[in-house]
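Participant: Any chance you could fold what I've pasted below:
(one chain, ligands or ions: 4)
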Amino acid sequence: MQMFMDLRLALQRNEFVLFYQPIICLASGRAAGVEALIRWFHPAQGMVSPGEFIPLAEETGLILPIGRWVLERACLDMLRFAEDMGFSEPMMVSVNLSAKQFAQADLYEQVEAIIECTGFPPQCLKLEITESVIMENAEAAVRILDRLKKLGIKISIDDFGTGYSSLSYLNRFSADILKIDRSFVSRMHLGGENLEIVRTIVTLAQAMKMLVIAEGVETKEELEALTALKCEYAQGFYFAKPMPLDQLQGFNMFGE
Ligand code: G
Ligand code: G
Ligand code: NA
Ligand code: MN
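Facilitator: Ligands and ions are numbered 1, 2, ... in the order given. The predicted structure follows:
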């Protein structure tokens, strides 16, 4: 209950911050973009992880105003970052959408309005929706994803491999990217089932003309196994942890 009251006030008290984790192009070693991950700096408890408060925000509906804030903040942060760094275009940024956010009747209008007021280039914005959320109502997902795509943004299917997509649906979702869940990437270099699952998802993505990102890469061995499978992109503590915007400036965004 206390946590709920605090969470309700966190937005107006400016206690949320977005951290960013680079997504690496394996062929070039360069950062191809970043994923925005929210952090809550509670005045008494310090940093509270989203694993703790996102489920509460989702249950209580607070995720809707928080989610709007995340989208707008991510666009504004990336515009500022591009300006500070002298980039001609902002970096590609991925924003996570939870089940309730994805089910909002006015999601399209919300994303459109944020693109318009911030002036953020839509081709640099990506929404991440988990496979299980998409599959909860696959017919509705086909329609909303189609509409969102018309704004010019990109769509990623997050935690892929954990949510039982039927292959016929996968073809109908206008998604651009599959993110391989980190449970499969972990220890894949040891061979066995994880390696075969990752191999299958990479092949599937290529056949469907989708890009593929491996999540949760923690070791050099996992990276080498992914490179051998010709996985295109990866993300994980091996490259970089999620970090505040000012540290992203110090991160070598362009590889060696
Ligand atoms: O950053 P971390 O790895 O602790 O995130 C834990 C969980 O919280 C992940 O499942 C992640 O997708 C989710 N999460 C992080 N940031 C956001 C956000 O801005 N919106 C939503 N809906 N979920 C987020
Ligand atoms: O649910 P989603 O895929 O959005 O979750 C992203 C979460 O994964 C974030 O909480 C992020 O901090 C975490 N994460 C990113 N890279 C790694 C990694 O290499 N290992 C582990 N254990 N977690 C990671
Ligand atoms: Na994600
Ligand atoms: Mn994921």
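Participant: Next, give phi and psi for the closest residue to ligand 1 within the stretch 101-250 of the chain.
Facilitator: Nearest residue of the stretch 101-250 of the chain to ligand 1: Pro242, at 5.6 Å (C-beta to the nearest ligand atom). The way it works is simple: take the backbone N, C-alpha and C, and place the C-beta from them, glycine included. Pro242 adopts backbone torsions of phi -60, psi 140, taken as degrees, to the nearest 10.
Participant: is it true that it touches Val17?
Facilitator: No - look at Pro242 against Val17 with C-beta atoms under 8 Å: they stay out of range, at 10.5 Å.
Participant: okay, the two: which has more neighbours?
Facilitator: Pro242 (20 against 15; other C-beta atoms under 10 Å).
Participant: Let me see the contact set for the more buried one.
Facilitator: Counting by C-beta atoms under 8 Å, 6 or more residues apart in numbering, Pro242 touches 19-21, 35, 37, 39.
Participant: Filtering those residues by proximity to ligand 1, which remain?
Facilitator: Leu37 (C-beta under 6 Å from any ligand atom).
Participant: what comes up buried for the helix or strand harbouring Leu145?
Facilitator: Here Leu145 is covered by helix 138-150, with elements defined by DSSP states H and E. Buried residues in helix 138-150, defined by neighbour count with 16 or more other C-beta atoms under 10 Å: 141, 144-145, 148-149.
Participant: pLDDT averaged over it - what is it?
Facilitator: Regarding helix 138-150, the rounded mean pLDDT is 96.
Participant: following it, which helix or strand comes up?
Facilitator: Sequence order places strand 154-160 as the next helix or strand after helix 138-150, per DSSP H and E.
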